[in-house]
Structures are given as C-alpha cells and as structure tokens.
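Peer 1: Have a look at this fold, sequence not included:
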C-alpha cells in the first residue's frame, strides 16, 4: 500500500516538530511548513491526502489556508488544530470545510491527532472511492446508448430505481434488456 502524504502547517516550531515526529512513526510521508503561504505553494506542487493546520499563524491564518485549498481541491480532508480553542472558531472551521477541529492540549493532542488522522484518511479514501464508482457508473450508462429513446428509458430506470417496486423488463431477444 502506498504511503499517505500529509501536509502539516504550524508556526510554532516545537509543535510542528512534535506533530511530524508522531506522524512519521505511523509511516506517513510528511511535508512541514511554518506558514500558510509556504503550505499553499507545497499544496499546489504535489498531491496530499490530508492537511493538518494551526489556526493562528502570521500572514495567512489556518482558516484562510483552508479556504484557499478548498478553492483548489474540494475533497482533500483538512484538520484544524489550535491552542486558542473556542466554539465560534470551531464552527467557522467546520462551515469552511474542515473535517475535524482539535485543541492543542499538551496532554492529549498528539494521541488524539493520531486517531483523528487515521479516521480522516479513511474518510478521504471513501470520498475518493465514491467519486471513482460514480464515474464508472456514468461510463456504464453512456454505454447503453444515446438515442432519444434510450435517454428516455434511462430516465425511467432512474425513477423506478428509487422505489422499492418490482419491475419486469420485456422485449425481443437481443435488444439489451440485460443492460437495464
């Protein structure tokens, strides 16, 4: 299995070091940045499976970074960490698309972070799988045909599929009933 790539952003160098050490032990590939601008450059240069960022940083805050990253990639999971936790900031982070929000409590942050990262990466994998399955399904539907009559049949199938009704598909041999 490929190693998961995580971007960690924090202006506190000791916290940045502690976070990267903990995550390295879990065999993640890490990029560490001490400010939002550098993190944005790193994010644009290669794909990441997760971003973990402090909220309060000079220049670009973690919430601003979250917004900019959402403009580039709407699905990459984003975890916010902060030493100045309040409900208002947590709600704002979640509204802007953060997957989770953790407070920098010296006693629990690093152990909580490990669990949160694992859970968040699983969530990201499910999003990716879901997107791939939807694309495959769309391809399969386009295979069925594109004539006006076939489009009408596909719309009827979509309507019936949402119900719990039993449906009999009938027609001459070789007309493609098995595709429905």
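Peer 2: Nice, I can see it. Quick caveat: nothing in here was measured; it's all calculated off a predicted structure.
Peer 1: Now stretch 147-160: average pLDDT?
Peer 2: For stretch 147-160, mean pLDDT is 81.
Peer 1: Next: stretch 25-43.
Peer 2: So the average pLDDT for stretch 25-43 ends up being 92.
Peer 1: So residue 160 versus residue 179, what's the distance?
Peer 2: To residue 179, residue 160 is 15 Å away according to CB to CB, to the nearest Å. (C-beta placed from N, C-alpha, C; glycine too.)
Peer 1: Kindly report the same for residue 55.
Peer 2: The spacing between residue 55 and residue 179, counted by CB to CB, is 51 Å.
Peer 1: what about the two, which has more around it?
Peer 2: Higher neighbour count among residue 55 and residue 179: residue 55, with 25 against 15, using other CB atoms under 10 Å.
Peer 1: how far away is the more buried one from residue 92?
Peer 2: 9 Å.
Peer 1: now do residue 123
Peer 2: Using CB to CB, residue 123 is found at 20 Å from residue 92.
Peer 1: Quick one: the strands in the chain, in order.
Peer 2: With DSSP state E as the criterion, the chain has strands at 5-9, 29-33, 50-54, 78-82, 100-103.
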